Every structure is written in structure tokens, then in C-alpha cells.
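# need a structure here:
(chains A and B)
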Amino acid sequence: KAGVTQTPRYLIKTRGQQVTLSCSPISGHRSVSWYQQTPGQGLQFLFEYFSETQRNKGNFPGRFSGRQFSNSRSEMNVSTLELGDSALYLCASSPRALQETQYFGPGTRLLVL
Amino acid sequence: SQQGEEDPQALSIQEGENATMNCSYKTSINNLQWYRQNSGRGLVHLILIRSNEREKHSGRLRVTLDTSKKSSSLLITASRAADTASYFCATDGSGANSKLTFGKGITLSVRP
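Got it, this is the predicted structure:
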């Protein structure tokens, strides 16, 4: 089976812009979760989607949003970018839930100037 | 604050030696997982231990879980240069709005 894929791999944006990141889970996986990784805060959970519904949410402002499509592919959107949003954004998938082994994609590295 | 906290923050050992990494957490969990990350890339799952298990093995990896102390340890035996990476423990909370919470990670360097 193909692994989790994320596009784009690298992105440079300026403050105030918005960005959309994409994640394609492993075939058959219905749970998709997103994480932000920074040197200062480490790995932080953003949200989890299952069957097109947000099931769990971390402590991030409303500028961070996501959605999941009927084929389980997921997108994450960040509006009004801030310098502090520069990070590695990781997506993970699993068959059903966060309590299972998570399979991570390679990540999207976002730089906000 | 992070649910999982690993220690030490960094560990440097010689190839062939064993590496022990510890993780402590604060609230009740369903499972505890360990992941490895090489140079800012995606995480790779190593092992999952359930709250009703005390010890689990996978190849050169041995994980223990002590729910009374809210702690876990990861032992890598006979380390190799390829084990050089960052290691994270992750816990999932029980109840509604559970999320996977990672510690800040341990940087392991294995010298050839």
C-alpha cells in the first residue's frame, strides 16, 4: 500500500496570506489527524477527522481549520498567516482512531516571511 | 503543558550499547506509543503498549509501562548508528475529545 502523502512538501508565504495543505491517507484509513511541529513547542495536535467530521480538536485558534472529503483525503487551511505559524505540518492516518498506530506523512514545511 | 515528558532530552552512546529513554505523563491513558523521527521528517511508529500491559517487545525494542507511576521506558538494545534519531512518546487521553499528545522528544546519537 502507498504511504501517507502530503503536498506540497515546502511552502513559503508572507504574513497575512492563507495556505492550504493536502493529505492523502493510506487506502482504507478513515481517521486523519494533523500536527504542528516547531522547535519551541514540539509536536502539537491540531485536529482529527473521521468520516468527513471533525472528531477531536487541539488548542489552536480558529485560523486553523480543516476538512475531510468522502475519499478520506484531508486538507488543512491556515488563514491570516503569522510568523509563528512557520513549522513542519504533519498529517497521520489510521484505520479508525487516534488510539491506534498512526502512520505519518513526510510533512509540509511552511515558512512564513 | 505536554502530556508526555521524555528524559533525558539528549543521549549520546557508542554503537553496541543499550539506550534507555523515559517518558512520564499526567493523566489516564488508553495507550502509550513510541515514535522515531529522523532529521525533521515524518514520524515512524515503533511500538504501542496498552494501559493493561506492562511490557512489550519488538525486535531490539523493549517498552515498559507503569500506570501507577504514569511512566514508560523504551530500551533499545545493541544500538546502531542508524538508530540516531529523535524519539517521542505519545499518549491518548481517555474520554471525550481525546487527542494524541506528544512529548518534546529525546535526541539519541549513536557514535560508530
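# At the contact with chain A, which residues of chain B appear?
Residues of chain B lying close to chain A by C-beta under 8 Å from any C-beta of the partner chain are B:2, B:30-31, B:33, B:35, B:40-45, B:48, B:88, B:90, B:92, B:97-105. For the C-beta atoms, the positions are set from N, CA and C on the backbone; glycine is no exception.
# Just the ones of those residues in strands?
B:30-31, B:33, B:35, B:43-45, B:48, B:88, B:90, B:92, B:100-102 (DSSP state E).
# Least confident secondary structure element in chain A?
The helix or strand of chain A with the poorest confidence is strand A:53-57; it has a mean of 92 (mean pLDDT, DSSP states H and E).
# Can you tell me how far residue B:104 is from residue B:43?
Distance of residue B:104 to residue B:43, computed by C-beta to C-beta, to the nearest Å: 14 Å.
# Mind listing the shared neighbours of those two?
Common contacts of residue B:104 and residue B:43 (C-beta atoms under 8 Å, 6 or more residues apart in numbering or on different chains): residue B:88.
# Please identify which of those two sits among more neighbours.
residue B:43 (29 against 19; other C-beta atoms under 10 Å in any protein chain shown).
# Verify the contact between the more buried one and residue B:88 for me.
Yes: taking contacts as C-beta atoms under 8 Å, residue B:43 lies within contact range of residue B:88: 6.9 Å.
# quick one on the thing from earlier: quick one: buried ones out of the residues of chain B next to chain A?
For the residues of chain B next to chain A, a burial check counting by 16 or more other C-beta atoms under 10 Å in any protein chain shown picks out B:2, B:30-31, B:33, B:35, B:42-43, B:45, B:48, B:88, B:90, B:92, B:98-105.
# nearest residue to the spatially most central residue of chain A other than its sequence neighbours?
Among the residues of chain A, the one closest to the centroid is residue A:34, at 3.3 Å (C-alpha atoms, centre = their mean). Computed as C-beta to C-beta, 6 or more residues apart in numbering or on different chains, the closest residue to residue A:34 that is not its neighbour in sequence is residue A:46, at 4.1 Å.
# What does the pLDDT read for that neighbour?
Looking at residue A:46, its pLDDT stands at 96.
# Find the helix or strand that it is a member of.
Applying DSSP states H and E as the criterion places residue A:46 in strand A:42-50.
# Sounds good, over and out.
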